[in-house]
Structure formats: C-alpha cells, structure tokens
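S.K.: Give me a model of this one.
(one chain, ligands or ions: 1)
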Amino acid sequence: AVLGVLASGRGSNLQSIIDAIDIGRIKAEIAVVISDKPEANALKRVAELGIPAVCVDRKLYDTKEEFEKALVEELEKHRVDLVILAGFMRILSPYFVNAFKNKIMNIHPSLLPAFPGAHAHRSVLEYGAKVSGCTIHFVDEGMDSGPIILQESVPVLDDDTEETLAARVLKVEHVLYPKAIALYLEDKLEINGRRVMIKE
Ligand code: GRF
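M.R.: Below is the predicted model:
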C-alpha cells in the first residue's frame, strides 16, 4: 500500500510510522510527505531518509480550494491509497474529504468528542478532566469529528502542565497510530455509520 503523510510541524508521529514500516509492522511505503509550511521539521526528517518531501505552501494560494487542489494533485501523482494526517494543522474541505472518501486518518491528542481543535491539552487542564488520551479517527468534513478507530486513555495528574500531559499522551500516540494504520491496511476496519468495527 502507498501512504501519503500530511504534517505541519515536528513530525514525531510521522517518525513512529516510519519506524513501524522499518520493522514490518506496517506493510506499506510512504510515497510522499507534504507540509503546508516550508519550515516544518517533518520535511527535514524525511528528506534525509530519501522519502519525497514536498511543501505545498498555503501562503502561495489565494483560496483554500486552490491549495487543496494542489494537495490532491500531489497525492494522486504519487498514487496514494491512504492519507495520514500527522499534526496537519488545517481543516480540510468537503472537496478534499470526498477525493479520499474514508481514506483519510487523523490523530488527535484527546479523547474525542471531548476537547477537539487546537490546544487540546490546555483545554483538558482548564476543564479539570481527570483522564485524557488520544484518538485515531477517519476524517470527515468537521473538525476532529469523523468515525473513531482507536482510543487510549492516560491519567491527568495533579501536577501536570501542558507539557507533561502532552508528553504522556504523545507516547501513546506513537503506539496507537501505527496500530490503526496496520489494521486499515490488513482490511480489518469496517465502517458502519459512525462506528468502526475491528474484524478479527
Ligand atoms: C500530536 O500531538 C498530534 O496528536 C496533534 O499534533 C501533534 C503533532 O505532533 N494532531 P508531531 O508533529 O507528530 O510530533
């Protein structure tokens, strides 16, 4: 299978996917990594590994539609079967979502539907929640709203800061995202309305 990864920043989830491919846990190749920001560390990470790294700079497009057309073109050029959003900080329009219907996954660092959007950890702490975690889901037109594939919880501790909570969640993210991708590629996910069943 052929993966295309969209990342805006650090790229640690991207790295966990690269590692899972290396040890054969994910049977796929990453055909292209695309960032909407030229300075994204994710691009540097893969350029060194020989994986095509492309910047589709949002600033160079007048409209979201033109920007997304460029993204779709790039993904189609590389014959991508599954689009992985790994810290991609933009909401995709119905045009993009329909171009890869049920073939886009996202990771979000909270237990959805609680605390969607940016700054999830800050919101969790401000609200006073006692558990948080991460969610892998298919992407629909909403923000962090598509059918949930996998979730795992972590405790929120009394002395947590955004940073310590983020670090605890991130450890789980790095295990869960490769797991969800592997399940998809092994054809073990069955979408039934909002529910994603895991076939054995
Ligand atoms: C992760 O916490 C992910 O859940 C969120 O953005 C962060 C990206 O981190 N969507 P990285 O770029 O994968 O290191």
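S.K.: Now do the contacts for the closest residue to Lys179 other than its chain neighbours.
M.R.: Spatial nearest neighbour of Lys179, chain neighbours left out: Leu150 (6.4 Å); criterion: CB to CB, 6 or more residues apart in numbering. Any C-beta I mention is one placed from the backbone N, CA and C, and that applies to glycine too. Leu150 makes contact with 135-136, 176, 179-180, 183 under the criterion CB atoms under 8 Å, 6 or more residues apart in numbering.
S.K.: Now, of those residues, which are buried?
M.R.: With neighbours counted using 16 or more other CB atoms under 10 Å, those contain these buried positions: 135-136, 176, 179-180, 183.
S.K.: Give me the distance between Leu85 and the ligand.
M.R.: Leu85 sits 7 Å away from the ligand, taking CB to the nearest ligand atom, to the nearest Å as the criterion.
S.K.: whoops, I mixed them up, Leu183
M.R.: Computed as CB to the nearest ligand atom, the Leu183 to the ligand distance reads 18 Å.
S.K.: Next, the buried residues of the worst-scoring helix or strand of the chain on mean pLDDT.
M.R.: Lowest on mean pLDDT, DSSP states H and E among the helices and strands of the chain sits helix 41-47, with a mean of 93. Of the residues in helix 41-47, 41-43, 45-46 count as buried by neighbour count, 16+ other CB under 10 Å.
S.K.: ditto for stretch 74-89
M.R.: 74-75, 78, 80, 82-88.
S.K.: What's the first helix or strand after the strand or helix carrying Leu150?
M.R.: Using DSSP states H and E, Leu150 maps to strand 148-155. The C-terminal neighbour of strand 148-155 among helices and strands, as given by DSSP H and E, is helix 162-185.
S.K.: tilt between that following helix and strand 148-155?
M.R.: Counting by axes from the mean of the first three to the mean of the last three CA atoms, to 10 degrees, helix 162-185 lies at 150 degrees to strand 148-155.
S.K.: Leaving out chain neighbours, which residue sits closest to His78?
M.R.: Nearest one to His78, counting by CB to CB, 6+ apart, is Ala31 at 3.8 Å.
S.K.: Then that neighbour would be within a helix, right?
M.R.: No: Ala31 is assigned strand when assessed by DSSP: H, G, I helix; E, B strand; the rest coil, not a helix.
S.K.: Can you give me the neighbour number for it?
M.R.: Counted by other CB atoms under 10 Å, the residues lying close to Ala31 total 19.
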